[in-house]
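S.K.: Whatever this is, show me its structure:
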Amino acid sequence: MHLMPAVFGLMTGLSLIVAIGSQNAYLLRLGIAGTTRVVLPAVVVCAASDAVLILAGVLGVGALVQSAPMALTVIRVVGAAFLITYALMAARRVIWPDGGALEAREVAPGAGARRAVLTMLALTWLNPHVYLDTVVMLGSIANGQSQGRWWWVAGAVAASMIWFTALGFGARLLRPVFSRPVAWRVLDGVIAVVMLTLGLRIAVGV
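M.R.: Have a look, this model is predicted:
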């Protein structure tokens with residue numbers, strides 16, 4: 001009886017987060033280059049943020065989000081600026097490679113994890129689409145499950161935990177490929193395109 005809402009929540013959650021986005025692109029780069037000390041906090045930030053946003057939607061915050069267009073406008077402007085800036089940084093690495101595989105290890109202990117967490121927080125919470133997708137849409141779907149809504153929520157939260165853990169720690173399997181500098185330039189080129197596209201879409205309100 002409760003299994004179906006949980007499976008539905010799991011599949012709905014995966015359908016939203018598996019698509020290439022700023023979170024996934026950044027976490028992929030971290031997973032390839034970083035140590036567990038750097039990747040784990042970033043994974044936790046992603047999964048915990050999704051859980052908080054989904055729960056907020058179930059508890060009715062979605063209506064508040066829809067009634068506060070000015071707040072979303074501010075988030076859109078700041079988020080777009082952040083994404084475009086990050087895109088330019090990635091594009092710069094394509095032209096002038098910086099030894100990406102060593103990036104996470106060359107910083108002082110703790111600094112890599114701190115920077116990863118702050119960047120991931122910005123990529124998550126400065127994206128207005130995350131409020132519309134999780135708080136408004138997922139919250140509405142969850143509340144439509146009647147008695148099974150909390151099982152649906154459990155499935156959706158599990159989807160985030162499974163995906164971000166698999167992406168963050170599975171990315172290290174690609175390290176042999178990224179032992180070649182050209183592979184980093186290709187990845188950074190893809191990241192630059194993704195971030196710039198998202199930033200421009202957010203800027204124009206698409």
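
S.K.: Not counting its neighbours along the chain, what's nearest residue 5?
M.R.: Closest residue to residue 5 apart from its sequence neighbours, by Cβ to Cβ, 6 or more residues apart in numbering: residue 148 at 3.3 Å. C-beta here means a position set from N, CA and C on the backbone, and glycine is covered the same way.

S.K.: what's the burial count for the one you found?
M.R.: 20 (other Cβ atoms under 10 Å).

S.K.: Verify the stated contact: it with residue 141.
M.R.: No: using Cβ atoms under 8 Å, residue 148 is not in contact with residue 141; the gap is 11.5 Å.

S.K.: And stretch 71-80, what's buried?
M.R.: Going by neighbour count (16 or more other Cβ atoms under 10 Å), the buried part of stretch 71-80 is 72, 75, 76, 79, 80.

S.K.: Just the closest of these to residue 132, please.
M.R.: If you rank the buried residues of stretch 71-80 by distance to residue 132 using Cβ to Cβ, residue 72 comes first, at 8.3 Å.

S.K.: Quickly note the distance from that closest one to residue 125.
M.R.: Going from residue 72 to residue 125 by Cβ to Cβ, to the nearest Å gives 12 Å.

S.K.: before we move on, the earlier item: would you check which pair of the buried residues of stretch 71-80 lies furthest apart?
M.R.: 72 and 80 (12.0 Å).

S.K.: What's the local residue count around the closest residue to residue 125 other than its chain neighbours?
M.R.: Sequence neighbours aside, residue 49 is the residue nearest to residue 125 in space, at 6.9 Å (criterion: Cβ to Cβ, 6+ apart). Around residue 49 there are 20 other residues, counting by other Cβ under 10 Å.

S.K.: can you tell me the helix or strand for residue 49?
M.R.: helix 36-58 (DSSP states H and E).

S.K.: got the contact list for that helix?
M.R.: Helix 36-58 has contacts (Cβ atoms under 8 Å, 6 or more residues apart in numbering) with 13, 17, 23, 26-27, 30-31, 34, 62, 104, 112-113, 116-117, 120-121, 124-125, 130-131, 134-140, 142-143, 149-150, 153, 156-157, 160-161, 164-165, 168-169.

S.K.: again, but for stretch 88-99
M.R.: Defining contact as Cβ under 8 Å, 6+ apart, one finds that stretch 88-99 is touched by 100, 181, 184, 185, 188, 189, 191, 192, 195, 196.

S.K.: repeat that with 10 Å
M.R.: Stretch 88-99 is touched from outside by 25-26, 29, 33, 100, 103, 106, 181-182, 184-196, 199, with contacts defined as Cβ atoms under 10 Å, 6 or more residues apart in numbering.

S.K.: For PyMOL, what selects the buried ones among the residues you listed?
M.R.: To isolate the buried members of the contacts of stretch 88-99 in PyMOL, using 16+ other Cβ under 10 Å:
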select buried, resi 25+26+29+33+100+103+184+185+187+188+190+191+192+194+195+196+199
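
S.K.: circling back: what about the residue nearest to residue 125, distance to residue 43?
M.R.: Distance, residue 49 to residue 43, using Cβ to Cβ: 11 Å.
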